[in-house]
Every structure is written in structure tokens, then in C-alpha cells.
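Chemist: Pasted the sequence and its predicted model underneath.
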Amino acid sequence: MLRNKILKLRKNKTIVTTAILILVSLIALIINVLLTDNLRDKIALNQVKLVSERIESESLSYYEQLNSNLKLISGFVQSGIFNEAEMENWSSALYADLQSNRNITSVAVIDKNGNEYYAALNDSALIYYRASNDQSNKVRIYSQNLLTESVTSFDTIISNKAINLDSYTQQLSMPPDSVVWYKIQPLPGISKMLGLAASIKTINKTSGNEIIITMYISVKNIYSFMETIAHHVNSEIFLFTLEHEVFDIETEPNSLGEPVLSDYLVKWDSIKNPVYQKAILKWDEIGNKDSVQFQSFKLAKQKYWGGYRPVHQRTGNLWAALIVSEDDFLTVLKGRLGILFFIPILILLVSAVILVLVIRGNIKLGKGKKLGIEDVLKLIETGENEHVEFKSTIRTNLYTNNPGKEIELAWLKSVVGFCNSNGGTILIGVNDEGEIVGLEPDKFPNDDKCMLHVQSLLRDHVGMEFTEYINYRLFKFDGKKFLAVHCTSSPKPVFLSSNNKEQFYVRSGPASIELPISKALKYIEDRNKK
């Protein structure tokens, strides 16, 4: 009698729950119909952010590669080949490095006595000059074709010697082997270009001299790199300042003196591209201009999205605007919106089927009910997935046949991952093939000792405050015992404590993955908003 009453109550509760689910699905469907434009904007914004994040990621790799190149050149200097006797080998090594990374515009090397060597690549020739630390800016320029081994030279005035720039004078006070980036400045040499500079101080191990090495990357090279990425994701990009001026990549400065950033800038109202004009005006409406921002705008009935970010932390007021036409990912939007409409309809249909089956008594459900032997056998039959994981032992390493902390932490990671996601079950004593192998290798003297050990592990590595979301129970089938650890989603973040550090795991498919602290905070923030 009592059992029948309990089953009846569970059945009634399930019917009410399923009815509520049907009602919620209907409301979601109505909301989707009413808020199509809003959903479209959110999805579009998400697409623009993904493109922007890709550019940021590849930009970080770009500058890391440049750092590595600078350290490589530093290694050449440390080896001792930067001297008069080895100048041919030095030029060959520098030529090969500049050929392999065309993003680098030029390189300057200055010793403690102020003697300067500057080199740039021009097709198959290495253009370089050597200058002593004096007041004269007149130097001899050499053009050395390393394919034909021919050398030509001529005398000229260098208005911007590397020794006079911040990237040399400020680097003198920096510690050795530290890479420092400097803001946009004129590049040395005879061409009038602007660019970023990165310097490193190193020691020539042969002579013991301190040497400053500076690598220069022109703004044109930086723009070309960013434009290539934007082209790959079907977008446009342009550079601008907070004063509504756009960097014109084709401009050649007319001034006779040092080039400055203003030589390359044109006012927004002189730009021929109306999309760029509108993008800058929209940018002007943003209050906070100290971080990455995203804005949408319309022009001639076409909707665009703009992502605005600094070109580099050392570029001063030079920013990049990524422009994406909504038509370029309209197919993606239609597909996503179709899914958003399909999901509540699917939930509605599934809920209706569940309701019918429950009423007919074909299934039994109930939130929070403990797993029975039939439930876990069905899970084993289904196999591992996002919500089910198999482990062979609680504590024993089957290769060494000895207890191993790594074995315990392996299934505890899954506990944390399930609690931080949508819940799930770990079945311990079941191998990867879904065979019940039992817990005999763990050599617990009795069931009480086993359960106490599990309780202790959860207390020490997960925390007693989360035990309400973790249920564990021993089962016996065909003479073999196995443990089922059932986890429900926790509203608070759960961490795995081990070796005096905390780790955050979530489920990704059939595995638990660790998130670094930055992504963990973002994951927790996004989850709390839901």
C-alpha cells in the first residue's frame, strides 16, 4: 500500500512537472516569435565577437613570433658573430631571418660605444649602414645582394639614426634579455616610415660588450597583417584615431623632416568610403573608450557591425575598426534562428510524449530520486557520454597494483565537472568497455570502510558544503560490487582542491576539462546570468 501511494505521488508530481514544462515551452515559442529581431542582433553580436576574438588571438601570436625573432637575433649577437671579422656571416644570418619573417621591417644593433649597424630587406638584397657615435648624420649605405654576392653603395644623410630614438636611449636602463615595446615612432633609414619598435639588451659573450638590438615593424606591415586576417573572415578593417582621423595606408609623406603620424592621417569627412565614416561616427557615441567595444549601425538599408580595439598597447591613440556586414553571415543567422525556434517545439513534443507515457504508466520520473540497480544498468548499457563516465577503481592503479592519488583525483575531477555543468553519474568498478569488473582491486576490508574512504575524499577535495549535490551508493551485480556517484548541477562553483591549489573543471562532451582562471571566471559569470 505504502509503495503504491509513493509511486502514485511520484507519478502525479511528474505529470505536474511535465505540464509545467509544456507551458514553459509554449511561452518560449511565443517569446521567440515576438523577439526575432532582438535574437538576430544577439546572434550577430556574438558572431562579430568571435571574429574579433580570432583577430586578437592571431595578433597575440603575431607579436609573440616577433618577440621570438628578436630573441633569435639576440642569440646571434651573443654567439659573437657581430663583429668586423664575422660581418659576412652576420649579414647572411640576418638576411635569412628577415627573409623568414617579412613582418619585420628592419633591425638595428648598437654597441655600448654608440656604433650603430642598421639593416633592412629589399627583395633579394640586404640594405644596411654602419655609423659611429658622432654628430654627423651622413653615412654610407650598402646594398648587398646575397644571391649574386654583388655590393653597391652610396653616401646619404640619415635623418633618423637608431641611436637617437627612444627604443635605444630608454633600453639602456633596462635589465638584460627583457623585451620592451615602444610606441609609434619614425623608423631609421632612408625611407620615411612609422612603426612600432621592440628592443632587447644582450651581452656579446666574446667581447663582453653590452649591445642593444631593436626590431622595427612598420605600421603598414601591421595593417597588412590585420587586413589579411579580416579578409579570411570576410570582413574589412581600417585604422583610426580618437580625433576622427583615418590612417591612409597609401599616403606618402610630403614633409622633408621626420615623418609623424599626422602625415598619414586624413579627416573622416574626406574618406571616400561611407561605411568607414559611419563607423567612426558610431564609435563617437561610445562612452567608455578604454576597452574593446562593439556597435551596430545602418547605412543604405544595410546593417553593419563594428568591433573597435587598440592596434597595440604601445600605439598611443591608434585603433582598429573591424567592420562586418550582417549579410555576410546571414545564412548562419537564419540557421541559428531556425534552431532557436526548433528547440522549444522539440521540447514541447518531447514533453507531450513524456506526459502520455507517464499517464499510461510506462515510465517513472522524479527529480532527486536515488538511482536503483535498473537505472545504473541502463546507464552502463548506454555507455559513456556527457553525463556518464566509467572508472575501473576508486584508488588502485591497475598497472602498479598499488593505491595512487592520481586515480582518486581522476574521478573526483569528473565529480567537479558534473557539478559545474549539468550533472551526471560516475560508475566506479566499470571499465571503459562497459564491463562490471568490481572493486576488489581496491582491497577495502568491508563496505563501511569503502564508503568512509569515499566520504573522506569528497570532504577533503570537494568540500562538505557540496555533498547535497553528490549521492553515492554501492551496488552488487553478478557477484561484483561497484560504486555509483550521482552528481546534480550546483548553483555555486565547485573546485577540486589538491596540493594546496584549486582547479575548476567543466564537462566537454565525454570528458572533464580544466578551465584557466580567466575562462573559469567568465564561465561562472555567464552561468549565473542564466
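Modeler: Received it, and whenever you're ready, just let me know what you need.
Chemist: chain center to stretch 466-486, what's the gap?
Modeler: 38 Å (C-alpha atoms, centre = their mean, to the nearest Å).
Chemist: buried sites along it?
Modeler: Buried residues in stretch 466-486, counting neighbours by 16 or more other C-beta atoms under 10 Å, are found at 466, 469-472, 475, 481-486. All C-beta spots, glycine's among them, are computed from the backbone N, C-alpha and C.
Chemist: Likewise for stretch 439-459?
Modeler: For stretch 439-459, a neighbour-count test (16+ other C-beta under 10 Å) marks 439, 441-442, 444, 450, 454, 457-458 as buried.
Chemist: Quick check: which element contains residue 91?
Modeler: When elements are assigned from DSSP states H and E, residue 91 belongs to helix 87-100.
Chemist: Check residue 297 too.
Modeler: strand 293-299.
Chemist: for residue 167, same thing?
Modeler: Per DSSP H and E: helix 166-169 holds residue 167.
Chemist: Spatially central residue for the chain, please.
Modeler: residue 57 (5.8 Å; C-alpha atoms, centre = their mean).
Chemist: The buried residues of stretch 466-486 into a markdown table, with extra columns for pLDDT and distance to residue 395?
Modeler: Putting those into a markdown table (pLDDT from 0 to 100; distance: C-beta to C-beta, whole Å) gives the following:
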| residue | pLDDT | distance to residue 395 |
| --- | --- | --- |
| 466 | 89 | 21 |
| 469 | 90 | 22 |
| 470 | 92 | 17 |
| 471 | 91 | 20 |
| 472 | 92 | 14 |
| 475 | 92 | 18 |
| 481 | 92 | 14 |
| 482 | 94 | 14 |
| 483 | 94 | 11 |
| 484 | 93 | 17 |
| 485 | 94 | 14 |
| 486 | 93 | 20 |
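Chemist: now for the helix holding residue 91, which elements pack on it?
Modeler: Using 3 or more C-beta pairs under 8 Å, 6 or more residues apart in numbering; DSSP states H and E, the elements in contact with helix 87-100 are helix 36-79, strand 116-122, strand 125-131.
Chemist: Residues in contact with that helix: which ones?
Modeler: Outside of helix 87-100, the residues within contact range by C-beta atoms under 8 Å, 6 or more residues apart in numbering are 69, 72-73, 76, 81-83, 104, 107, 119-121, 126, 128, 144, 146.
Chemist: Which PyMOL command selects the buried ones in those residues?
Modeler: Here is the PyMOL selection string for the buried members of those, based on 16+ other C-beta under 10 Å:
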select buried, resi 69+73+76+81+82+104+107+119+120+121+126+128+144+146
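Chemist: Residues in a beta bridge with residue 511, which ones?
Modeler: residue 508 (DSSP bridges).
Chemist: what's the neighbour count on it?
Modeler: Using other C-beta atoms under 10 Å, the number of residues around residue 511 comes to 14.
Chemist: pLDDT on the helix holding residue 91, on average?
Modeler: Mean pLDDT, computed over helix 87-100, is 80.
Chemist: could you point out which element follows it?
Modeler: Toward the C-terminal end, the helix or strand that comes next after helix 87-100 (DSSP H and E) is strand 106-111.
Chemist: so that next one versus strand 116-122, what angle?
Modeler: 160 degrees (axes from the mean of the first three to the mean of the last three C-alpha atoms, to 10 degrees).
Chemist: Now do the contacts for the closest residue to residue 373 other than its chain neighbours.
Modeler: The spatial neighbour of residue 373 that comes closest, neighbours along the chain excluded (C-beta to C-beta, 6 or more residues apart in numbering), is residue 475 at 5.6 Å. Residues in contact with residue 475, defined by C-beta under 8 Å, 6+ apart, are 373, 376, 481-484.
Chemist: Residue 475 belongs to a helix?
Modeler: No: Residue 475 is assigned strand when assessed by DSSP: H, G, I helix; E, B strand; the rest coil, not a helix.
Chemist: who does it bridge with?
Modeler: Beta-bridge partners, per DSSP bridges, of residue 475: residue 482.
Chemist: how close does it get to residue 228?
Modeler: 59 Å (C-beta to C-beta, to the nearest Å).
Chemist: repeat for residue 95
Modeler: Taking C-beta to C-beta, one finds residue 95 at 24 Å from residue 228.
Chemist: ok, these two, which is more surrounded?
Modeler: Comparing residue 95 with residue 228 by other C-beta under 10 Å, the one with more neighbours is residue 95, at 20 against 11.
Chemist: before we move on, back to that, what comes into contact with the helix holding residue 167?
Modeler: Under C-beta under 8 Å, 6+ apart, the answer for helix 166-169 is 108, 110, 162-163, 182-183, 185, 197-199, 212, 214.
Chemist: a markdown table for the buried residues of stretch 466-486, including distance to residue 273?
Modeler: Formatted as a markdown table, the buried residues of stretch 466-486 follow (distance: C-beta to C-beta, whole Å):
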| residue | distance to residue 273 |
| --- | --- |
| 466 | 56 |
| 469 | 56 |
| 470 | 59 |
| 471 | 62 |
| 472 | 64 |
| 475 | 69 |
| 481 | 72 |
| 482 | 67 |
| 483 | 66 |
| 484 | 63 |
| 485 | 60 |
| 486 | 59 |
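Chemist: which stretches of the stretch 51-200 of the chain have low pLDDT?
Modeler: Filtered on pLDDT under 70, the stretch 51-200 of the chain yields the residue ranges 135, 146.
Chemist: 90 instead?
Modeler: 51-106, 108, 110-197 (pLDDT under 90).
Chemist: before we move on, back to that, which one of the helices and strands packed on helix 87-100 lies nearest to residue 517?
Modeler: Nearest to residue 517, of all the helices and strands packed on helix 87-100, is helix 36-79, at 17.6 Å by C-beta to C-beta.
Chemist: now the closest one and strand 106-111, what's the angle there?
Modeler: Going by the same axes, to 10 degrees, helix 36-79 makes 40 degrees with strand 106-111.
Chemist: Could you give the separation of helix 36-79 from the chain centroid?
Modeler: 8 Å.
Chemist: Same check on stretch 516-527?
Modeler: 13 Å.
Chemist: how about it: buried residues?
Modeler: 520, 523-524.
Chemist: Any chance of a markdown table for those, columns distance to residue 385?
Modeler: What follows is those, written out as a markdown table (distance: C-beta to C-beta, whole Å):
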| residue | distance to residue 385 |
| --- | --- |
| 520 | 24 |
| 523 | 21 |
| 524 | 24 |
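Chemist: Quick one: the helices in this structure, in order.
Modeler: 2-34, 36-79, 87-100, 166-169, 219-232, 274-284, 330-360, 373-382, 405-419, 447-461, 517-529 (DSSP state H).
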